[in-house]
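Novice: After the sequence you'll find the predicted model.
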Amino acid sequence: MADRVGELTATIATETAKVNAYLHARHMPNLSFDADVPYDAQQDREFTDPRNAAVEAAEELLALLGGSTRSVFTQKITDLVNLHAVCRFDIATKFPQDQETASYEELGKVAGLSESDVRRVVRGAITNHVFKEQQPGRVAHTAASRFLAQNRLARQWIEMASIETMPASMFMVPAMTKWPGSGEPNEAGYNVVYQTNDVCWDHMPKFPGRAEVFADAMSVFTSGSGYGPEALVDYFEKKLLTTGTIVDVGGSHGSVSIPIARAHPEMRVIVQDLPAVVKVGETNVPDDVKDRVQFMAHDFFTEQPIKGADVYLMRWILHDWSDEYASKIVKALVPALKKGARLLVHEYVVPEPGKGSAASQLSFRWMDVMIRGLCNGKERDEQDWEALFARVDARFQIRNFYQSHLSKLGIVDVEWCPE
Ligand SMILES: C[S@@+](CC[C@H](N)C(=O)[O-])C[C@H]1O[C@@H](n2cnc3c(N)ncnc32)[C@H](O)[C@@H]1O
């Protein structure tokens, strides 16, 4: 098979050399983000031809290097719409298995769509390397379309992104216009799109299957590397937090606090969440930690009932809420805190612009828009975390911002200092 990556990198090298030669010959500065090439030069084919050839090769190279997961999980809005149709109408799943290629008419029949609809959708998807046309009018699988056909959770991700997060984000600005400065969880893009006063988490379950699709899609997201409990377990070890009581506030089924209990036999864990979540969680505690893990129904907006614990843990709680509400959650801890108690927040700590890779900046900013669109939540950088704790009570002192290579989430280590 031809070395396509080699061909593309060679094209990029040759064509960008032409671009540079063009600029140098005219005493223009090198390409930079500070000053673009002047408009008249942008009209000159001597510049635009090599520039476009390099861009096209670079885009193909990105798609090749990114593989199926990039085609499926990182796409532009129109790609997403076509992928949504591919998933919703089972075009990839029902692709005739005993055939190498299928006509649009055959695909239309299995998908229950007209030949014209399926052709438009699939040709759109082809631009994102999902399916290919082997010969005119005959469609064949690519790695990405096969990945979609075989991976139910990936299809659930596309469904969730198309129905929940993407529309909600697209309507973030109308929501900002309708409710200026609002931090209310029911005044977000989602509420504009679905014309509801319900918070998205209350609204989705009213429609069969939607909450389940959301949960499945989230499991794709968080099952990837970088979302496990390793960094937290490690941090407890590093900071010698190996005895005493941890309260896992909004801890769901204890997926991070149970591994902490397992790693530290002298620690006791109390997992708090809403009653329905606790009911499921407490039936699934592994035998080896049963005597040290307890579940408890508790609304984190109300006063913390477990007084004097050593560590209060909030993993992926505060980002669901605006500063106004996140402050209330943190404030509800105050009456329970003993001197020196720790609050460990395990969430993204968004790096400042220019810090970290461009790809990581992109994913943090992407998350921020998604969570804001859904419920006016917020991804926070160091300054935001400092401002949040200062707003609640000056006795919360941030001791450490920690970013482990084991996790995409950071740890904000806060100590309660009453004096
Ligand atoms: C994004 S999940 C994080 C779950 C868990 N900490 C983790 O990292 O896997 C948010 C959790 O907050 C819980 N939650 C939402 N509102 C709550 C409330 N008012 N009181 C307690 N828990 C709540 C949800 O049920 C859910 O388990």
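Specialist: Everything's here; your move.
Novice: Surely residue 222 is in a helix?
Specialist: Yes - the assignment for residue 222 (DSSP: H, G, I helix; E, B strand; the rest coil) places it in a helix.
Novice: who's in contact with the residue nearest to residue 326 when sequence neighbours are not counted?
Specialist: Spatially, and ignoring its direct neighbours in sequence, residue 326 is nearest to residue 318 (4.3 Å; C-beta to C-beta, 6 or more residues apart in numbering). Where C-beta positions appear, they are placed from N, C-alpha and C, glycine not excepted. By C-beta atoms under 8 Å, 6 or more residues apart in numbering, the contact list for residue 318 reads 326, 329-330, 345, 347, 380, 388.
Novice: what do you get if the cut-off is 7 Å, keeping everything else the same?
Specialist: Contacts for residue 318 were tallied using C-beta atoms under 7 Å, 6 or more residues apart in numbering; they are 326, 329, 345, 347.
Novice: Can you flag which of those belong to strands?
Specialist: Mapping those onto strands (DSSP state E) picks out 345, 347.
Novice: Show the overlap between the contacts of residue 318 and what lies near the ligand.
Specialist: Near the ligand, judged by C-beta under 6 Å from any ligand atom, there are no entries from those.
Novice: Now do the closest residue to the ligand within the stretch 1-150 of the chain against residue 80, distance only.
Specialist: At 19.4 Å from the ligand, residue 73 is the closest residue in the stretch 1-150 of the chain, using C-beta to the nearest ligand atom. Noted for residue 73: a distance of 10 Å to residue 80, by C-beta to C-beta, to the nearest Å.
Novice: got the buried residues for stretch 238-255?
Specialist: Residues of stretch 238-255 classed as buried by neighbour count (16 or more other C-beta atoms under 10 Å): 239, 241, 245-255.
Novice: For the stretch 251-400 of the chain, which residues are neighbours of the ligand?
Specialist: Contact residues (C-beta under 6 Å from any ligand atom) of the stretch 251-400 of the chain with the ligand: 251-252, 255-256, 273-274, 277, 299-301, 315-317, 320.
Novice: 5 Å instead?
Specialist: Applying C-beta under 5 Å from any ligand atom, we find that the stretch 251-400 of the chain lies next to the ligand at 251-252, 273-274, 277, 299-300, 315-316.
Novice: Give me the buried entries from those.
Specialist: Among those, the ones that count as buried by 16+ other C-beta under 10 Å are 251-252, 273, 277, 300, 315-316.
Novice: coming back round to it: mind giving me JSON lines with the contacts of residue 318 and columns for neighbour count and pLDDT?
Specialist: Shown next, in JSON lines, are the contacts of residue 318 (neighbours: other C-beta atoms under 10 Å; pLDDT from 0 to 100):
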{"residue": "326", "neighbour count": "26", "pLDDT": "98"}
{"residue": "329", "neighbour count": "20", "pLDDT": "98"}
{"residue": "345", "neighbour count": "28", "pLDDT": "97"}
{"residue": "347", "neighbour count": "19", "pLDDT": "95"}
